[in-house]
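Chemist: Here is my input; please provide its structure:
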Amino acid sequence: DLHSFPTRRSSDLHIAGIAGFVVGLVLAGIPLVWLLLRRQRKAGPSREKDSAATHRRNQAIVEGAGEGVLELDNVGQVRYANPAAAKLLGYDIEELPGLDYRVLINTQSDDDNRTDPVRRVRYTTDIMRGVGALLRRKNGQFRPVEYRIVPVTEQGSTVGTVLVFHDVGERVRLDNLLKDMQTTARIGGWEYDVETHKVHWTEALYAIHDLPFGQPIELESSRNMFHPEDRKKLIEASQHAIDTGSSSDLHLRLTSARNRQLWVRMIIKAERRNGKIVRLHGTLQDVTDRVVAIWRSEERRVGKECRS
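Modeler: Coordinates of the predicted model:
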């Protein structure tokens, strides 16, 4: 159903966005808890009694976390692994200490220190954003994960690294399912940043326009692919969305990069933050077959009426 599909897709993306946000918060928090544990281990005798309860609490958080936690030494060998890490990796927890992390996480294809994320993070004090990688399980199978790394410092010197990873296999499965749905329905998503004027398309939208995936999109050049009369409607609807936040549902004529003549249905929605429209987004669907079918049906109807 052409009218309900964009709504279901937006709902899926909204749910996926919330899930990604929650995962990001968890992945950012686990390394901080681990650093607290290390500091408590180094505390003097006078502080050990006062920090015992906090230490037990933080230890329980790390041990009970659903995310895998690995502490690595200066050469990248595992010093500590929590139960979740052992489970995700398919090892007994006693087998992990001493293993090189590259055996477990496939992050780069070379040994260049400049591209090794665990070594590179030692040159910054910021926790890296979630990065995708492949987890290499003991049985040789690979599993997609998102990981974060943070350096462990003592007295100003880096003594190791904490690596926290989360299984994103289900997210990857849903992303692939959504991609298949977009391809089958010939529908893609787009967004436009009102302040930066940057345009972003999904892979399916590139395919509809017959453009190579990933090619930078300029707003004017993309609009020039529409029929002059429809281009005016599109510009007016976009500006109306920016001015008022109103949505639009348009049927437009488009000429692809390979000179295919298409009819497309475009949904335009606005996102408001702090009382200001900051982003336009929506979907664009190739409805050429549907439009042609309607024309042919109408031609047959008119032909029958003329013959009668």
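Chemist: So Glu229: helix, strand or coil?
Modeler: helix (DSSP: H, G, I helix; E, B strand; the rest coil).
Chemist: quick one, what contacts it?
Modeler: Arg253 (CB atoms under 8 Å, 6 or more residues apart in numbering). Any C-beta I mention is one placed from the backbone N, CA and C, and that applies to glycine too.
Chemist: What separation do you get for it and Asn74?
Modeler: Remark: distance between Glu229 and Asn74 (CB to CB, to the nearest Å) = 66 Å.
Chemist: try Arg136
Modeler: 22 Å.
Chemist: do Leu219 as well
Modeler: Counting by CB to CB, the gap from Leu219 to Asn74 is 49 Å.
Chemist: contact partners of stretch 77-97?
Modeler: By CB under 8 Å, 6+ apart, stretch 77-97 touches 62-63, 65-73, 98-101, 104, 135-139, 141, 143, 145, 160, 165, 167.
Chemist: Settle it for me: which of Arg136 and Asn74 has more neighbours?
Modeler: Arg136 (17 against 13; other CB atoms under 10 Å).
Chemist: That one touches Val103, doesn't it?
Modeler: Yes. Using CB atoms under 8 Å, Arg136 makes contact with Val103 at a distance of 6.7 Å.
Chemist: which non-adjacent residue is nearest Arg260?
Modeler: Nearest residue to Arg260 in three dimensions, chain neighbours excluded: Asp210, at 6.6 Å (CB to CB, 6 or more residues apart in numbering).
Chemist: residue ranges for the strands of the chain, please.
Modeler: All strands of the chain, identified by DSSP state E, fall at 68-72, 78-81, 105-106, 131-136, 142-154, 157-167, 187-193, 199-201, 248-255, 261-273, 276-286.
Chemist: Return the list of strands paired to the second one, each annotated with direction.
Modeler: Going back to what we said before, that points to strand 78-81. strand 68-72 (antiparallel) (DSSP bridges).
Chemist: Buried residues in the partner strand, which are they?
Modeler: Neighbour-count burial for strand 68-72 flags Gly68, Val69, Leu70, Glu71, Leu72 (criterion: 16 or more other CB atoms under 10 Å).
Chemist: Let's see the pLDDT reported for Thr124.
Modeler: Looking at Thr124, its pLDDT is 33.
Chemist: Is it correct that Val287 is in contact with His251?
Modeler: Yes. Taking CB under 8 Å as the definition, Val287 is a contact partner of His251 at 7.2 Å.
Chemist: Show the low-confidence segments of the stretch 201-308 of the chain, by residue range.
Modeler: 308 (pLDDT under 70).
Chemist: one more time with 90
Modeler: For the stretch 201-308 of the chain, the stretches flagged by pLDDT under 90 are 202-204, 213-214, 289-308.
Chemist: what's the answer for the stretch 51-200 of the chain, then?
Modeler: Looking at the stretch 51-200 of the chain by pLDDT under 90, you get 51-76, 80-89, 100-189.
Chemist: got the contact list for stretch 292-305?
Modeler: Trp263.
Chemist: Tell me which residues of that stretch come out buried.
Modeler: In stretch 292-305, counting by 16+ other CB under 10 Å, buried: nothing.
Chemist: And for stretch 209-223?
Modeler: His209, Leu211, Ile217, Ser222.
Chemist: do the same with stretch 223-236
Modeler: Applying 16+ other CB under 10 Å to stretch 223-236 flags Met225, Phe226, Asp230, Arg231, Lys233, Leu234 as buried.
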